[in-house]
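S.K.: Predicted model and sequence follow; I will ask about them next.
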Amino acid sequence: MARVREMRERGSAPKQIAKALGLRPAQASALVRRVAEAAQAHTALDERPVVGCWVNAGWSAGLDMAGALDWAAADPLGQEPDPDTGGFAQVLLARQERASKVTVTGFLVDVYCLGVKNVTGPEVMGSGSLTAYVPTYYSAFDHPPLSIGVEQAQRIVHGAVAYARSLGFEPAPGFTDAAVHLGIPPGDLPAIGFGRDGKPFYFGGPYDDPRTVVQTLERTRGHGNYHYIAQL
């Protein structure tokens, strides 16, 4: 089901899904219907009131923010040369679940190359627990998080995923379900140019396969059209 959801999000037809997954056309069509029904059942999730939405300071460093000057101005750390946070946007969203409960969803986003690397939640917690959870979620950063609108969070996350997919990388497991809580950004939002200074920039992480990442960039962008740092 997760694979069918991903392929439908990319616009694949039932026949294409059947061929890719080794299914009969009737089986693929049935799965497509189930995905559509599940999506309809979850539609209301992104209509719940937003209790709070945050991103780490410095998230915009190195990005092309010419089309989103207000968002850039709200992130002064991102305008400093080479801040430690460059390349990562850690987005947290809390929506009202019921009277005393909230649903919290987090996204660790590589805005230079790989897109969504990790998803936290959706997790239901008491409204009072959110106050303590937010600083804990951003404890790895030296600066407190920035409060942002949900539309900005949607643009950061979905924009980075689209950019990563253009490079040949899919988001982390669990993204599809978590994205339902985030919602889809309207088409008229400010534009963000992903990649570092206009090019993919891969900074190797402890759980990555650097060789595979670089080979993928070589195939999708070509030699000299990307940068990387990999630990040996």
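M.R.: It's in.
S.K.: Would you map the helices across the chain?
M.R.: In the chain, helices defined by DSSP state H lie at 2-9, 14-21, 25-41, 69-73, 127-137, 150-167, 175-182, 210-220, listed in chain order.
S.K.: Using JSON lines, please lay out these together with mean neighbour count, mean pLDDT and distance to Y112.
M.R.: All C-beta spots, glycine's among them, are computed from the backbone N, C-alpha and C. Below are the helices of the chain laid out as JSON lines (neighbours: other C-beta atoms under 10 Å; pLDDT from 0 to 100; distance: least, C-beta to C-beta, whole Å):
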{"stretch": "helix 2-9", "mean neighbour count": "17", "mean pLDDT": "79", "distance to Y112": "22"}
{"stretch": "helix 14-21", "mean neighbour count": "16", "mean pLDDT": "87", "distance to Y112": "29"}
{"stretch": "helix 25-41", "mean neighbour count": "14", "mean pLDDT": "77", "distance to Y112": "30"}
{"stretch": "helix 69-73", "mean neighbour count": "15", "mean pLDDT": "94", "distance to Y112": "16"}
{"stretch": "helix 127-137", "mean neighbour count": "13", "mean pLDDT": "90", "distance to Y112": "21"}
{"stretch": "helix 150-167", "mean neighbour count": "21", "mean pLDDT": "94", "distance to Y112": "9"}
{"stretch": "helix 175-182", "mean neighbour count": "20", "mean pLDDT": "88", "distance to Y112": "18"}
{"stretch": "helix 210-220", "mean neighbour count": "15", "mean pLDDT": "92", "distance to Y112": "11"}
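S.K.: just so I know, which of those helices lies nearest V104?
M.R.: With C-beta to C-beta as the criterion, V104 lies closest to helix 127-137 of these, at 6.5 Å.
S.K.: so what's the residue nearest in space to the middle of the chain up against?
M.R.: In the chain, the residue lying closest to the centroid (C-alpha atoms, centre = their mean) is V157, at 3.2 Å. By C-beta atoms under 8 Å, 6 or more residues apart in numbering, the residues touching V157 are A89, V91, F107, V109, V116, A179, L182.
S.K.: Out of those, which two sit at the greatest distance?
M.R.: Of all pairs drawn from the contacts of V157, the greatest distance, 14.9 Å, lies between A89 and A179 (C-beta to C-beta).
S.K.: State the number of residues packed around D75.
M.R.: Look at D75: counted by other C-beta atoms under 10 Å, it has 23 neighbours.
S.K.: Now distance to V50 too, for the helices of the chain, in a markdown table please.
M.R.: Below are the helices of the chain laid out as a markdown table (distance: least, C-beta to C-beta, whole Å):
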| stretch | distance to V50 |
| --- | --- |
| helix 2-9 | 23 |
| helix 14-21 | 34 |
| helix 25-41 | 20 |
| helix 69-73 | 17 |
| helix 127-137 | 12 |
| helix 150-167 | 5 |
| helix 175-182 | 10 |
| helix 210-220 | 34 |
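S.K.: of these, which approaches W59 most closely?
M.R.: Among these, the nearest to W59 by C-beta to C-beta is helix 150-167 (7.2 Å).
S.K.: Dump that closest one to PDB, keeping only the CA atoms.
M.R.: Taking Å, rounded to 0.1, in the frame of the first residue of the first chain, the C-alpha atoms of helix 150-167 are listed here in PDB:
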ATOM      1  CA  VAL A 150       1.900  26.100   8.600                       C
ATOM      2  CA  GLU A 151       2.100  27.200   4.900                       C
ATOM      3  CA  GLN A 152       5.800  27.900   5.300                       C
ATOM      4  CA  ALA A 153       6.300  24.500   6.900                       C
ATOM      5  CA  GLN A 154       4.400  22.800   4.000                       C
ATOM      6  CA  ARG A 155       6.500  24.700   1.500                       C
ATOM      7  CA  ILE A 156       9.800  23.700   3.200                       C
ATOM      8  CA  VAL A 157       8.900  20.000   3.600                       C
ATOM      9  CA  HIS A 158       7.100  19.300   0.300                       C
ATOM     10  CA  GLY A 159       9.500  21.500  -1.700                       C
ATOM     11  CA  ALA A 160      12.500  19.700  -0.300                       C
ATOM     12  CA  VAL A 161      10.900  16.300  -1.100                       C
ATOM     13  CA  ALA A 162      10.200  17.400  -4.700                       C
ATOM     14  CA  TYR A 163      13.800  18.600  -5.100                       C
ATOM     15  CA  ALA A 164      15.200  15.400  -3.700                       C
ATOM     16  CA  ARG A 165      13.100  13.300  -6.000                       C
ATOM     17  CA  SER A 166      14.400  15.300  -8.900                       C
ATOM     18  CA  LEU A 167      17.900  14.100  -7.800                       C
END
